[in-house]
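S.K.: this one's sequence-less:
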């Protein structure tokens, strides 16, 4: 995409400079200001924010997701969770929230194991809330979620494991409930509808 944007920017800058020399606009537009660099920057900015949603093969995961975490902690319990995904073409931030903790990504990436088998892998840091049990400490973890399409839209499901200080593992299943960001209580309420 960067190469294509560069070629388009050079062509557009040349065309605009020629148009700026025409008599009706000759005194109103500074032809030197129509640089390929400025056009390239504008194209990359627009694609990064909006264009990738329509022109890229990346899955758009933006929004609020609701689901459950089934964890090996305490012999296997299920905990409701809310996940908020903020995504652009080159960046992704994932926040997972439960009643007792909140985690944020330190890195995230899409993967494709087989054609059509697309997923999301991310590393996170989890911080307990003030009222969490005293045994819960800040810890790191890794999550691998497969992306599938079901009757209710996109679905994320997969495994996670935590590192030193927690050493648990489990499964996560998520369904998107909104394409915007909802708070914890509103998301859980919408997930029950």
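M.R.: Happy to help now that I have it. Note that the structure is predicted; figures quoted are calculated from it, not measured.
S.K.: can you point me to the longest strand in the protein?
M.R.: Secondary structure of the chain read by DSSP state E shows that its longest strand is strand 101-114.
S.K.: can you name the residues in contact with that one?
M.R.: 58-59, 92-97, 118-129, 132, 136, 140-141 (Cβ atoms under 8 Å, 6 or more residues apart in numbering). Every C-beta, even on glycine, is put in place using the N, C-alpha and C of the backbone.
S.K.: domain-wise, how is the chain divided?
M.R.: Structural domains annotated on the chain: 2-55, 63-192, as defined by automatic domain parsing.
S.K.: next, the distance between the ends of the last one.
M.R.: The first residue of domain 63-192 is 17 Å away from its last residue (Cα to Cα, to the nearest Å).
S.K.: show me which residues of the longest strand of the chain are buried.
M.R.: In terms of neighbour count (16 or more other Cβ atoms under 10 Å), strand 101-114 has its buried residues at 101-103, 105, 108.
S.K.: next one: stretch 60-69
M.R.: Taking 16+ other Cβ under 10 Å as the neighbour-count basis, stretch 60-69 is seen to contain the buried residues 61-69.
S.K.: those in strands, which ones?
M.R.: Short answer: these in strands (DSSP E) are 63-69.
S.K.: and which of the residues you listed is nearest to residue 188?
M.R.: Out of these, the one with the shortest distance to residue 188 is residue 66. That distance is 6.3 Å, counting by Cβ to Cβ.
S.K.: hang on, the closest one packs against residue 178?
M.R.: No - Residue 66 is beyond contact range of residue 178, at 9.1 Å (criterion: Cβ atoms under 8 Å).
S.K.: common neighbours of those two, please.
M.R.: Residues touching both residue 66 and residue 178 (Cβ under 8 Å, 6+ apart) are 187, 190.
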